[in-house]
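Trainee: sequence and computational prediction follow.
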Amino acid sequence: MDGTEHPIQVLCDPHVIPMLMFLGQNGPSTKTVIYSAVGRSANMPSKIDRMREAGLVTVDEVGISEVVGLTDLGRSVTDLLAGIDSMMASRTPE
């Protein structure tokens with residue numbers, strides 16, 4: 001690689017996949033609701049910023065809250081992740 005971060009790297013960040021899956025199941029949600037459901041960390045706002053920069057989510061101000069929603073790309077990635085999750089959950093142990 002040339003030293004630049006590959007776009008998929010954002011998914012390696014702890015909490016990112018669970019946040020995407022949460023949004024996929026629950027639709028647009030405030031940051032507070034996401035943090036309560038997925039986990040609290042001082043780095044959660046920066047994780048959402050990275051997901052936004054990767055084109056996976058939008059962040060809109062609604063009153064005093066910030067609402068996070070999936071973009072079309074975010075929905076596609078989340079659907080693929082849900083498929084992988086389903087495949088792994090249904091596999092027969094060796």
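Mentor: Nice, thanks for sending it over.
Trainee: residue 12 and residue 50, how far apart?
Mentor: Using CB to CB, to the nearest Å, residue 12 is found at 11 Å from residue 50. Bear in mind the C-beta positions are built from the backbone N, C-alpha and C, glycine included.
Trainee: okay, the two: which has more neighbours?
Mentor: The neighbour comparison of residue 12 against residue 50 (other CB atoms under 10 Å) goes to residue 50, with 18 against 10.
Trainee: secondary structure class for that one?
Mentor: helix (DSSP: H, G, I helix; E, B strand; the rest coil).
Trainee: now whichever helix or strand residue 36 is part of: average pLDDT?
Mentor: Per DSSP states H and E: residue 36 is located in helix 31-38. For helix 31-38, mean pLDDT is 94.
Trainee: only C-alpha atoms, please: export it in PDB.
Mentor: Taking Å, rounded to 0.1, in the frame of the first residue of the first chain, the C-alpha atoms of helix 31-38 are listed here in PDB:
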ATOM      1  CA  LYS A  31     -26.000  10.400  19.100                       C
ATOM      2  CA  THR A  32     -27.200  10.000  22.700                       C
ATOM      3  CA  VAL A  33     -29.400   7.000  21.800                       C
ATOM      4  CA  ILE A  34     -26.600   5.500  19.800                       C
ATOM      5  CA  TYR A  35     -24.100   5.900  22.600                       C
ATOM      6  CA  SER A  36     -26.600   4.300  25.100                       C
ATOM      7  CA  ALA A  37     -27.300   1.400  22.800                       C
ATOM      8  CA  VAL A  38     -23.700   0.700  21.600                       C
END
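Trainee: the longest helix in the protein is where?
Mentor: If you go by DSSP state H, the chain has its longest helix at helix 72-90.
Trainee: only C-alpha atoms, please: export it in CSV.
Mentor: C-alpha atoms of helix 72-90 as CSV (Å, rounded to 0.1, in the frame of the first residue of the first chain):
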residue,chain,number,x,y,z
ASP,A,72,-27.0,5.0,0.5
LEU,A,73,-23.5,3.7,0.8
GLY,A,74,-23.9,3.2,4.5
ARG,A,75,-27.1,1.2,3.9
SER,A,76,-25.3,-1.0,1.3
VAL,A,77,-22.4,-1.7,3.7
THR,A,78,-24.8,-2.4,6.6
ASP,A,79,-26.8,-4.8,4.4
LEU,A,80,-23.6,-6.6,3.5
LEU,A,81,-22.5,-6.8,7.2
ALA,A,82,-26.0,-8.1,8.2
GLY,A,83,-25.6,-10.8,5.5
ILE,A,84,-22.1,-11.8,6.8
ASP,A,85,-23.5,-11.8,10.4
SER,A,86,-26.4,-14.1,9.3
MET,A,87,-24.0,-16.5,7.5
MET,A,88,-21.7,-16.7,10.5
ALA,A,89,-24.6,-17.2,12.9
SER,A,90,-26.1,-20.0,10.9
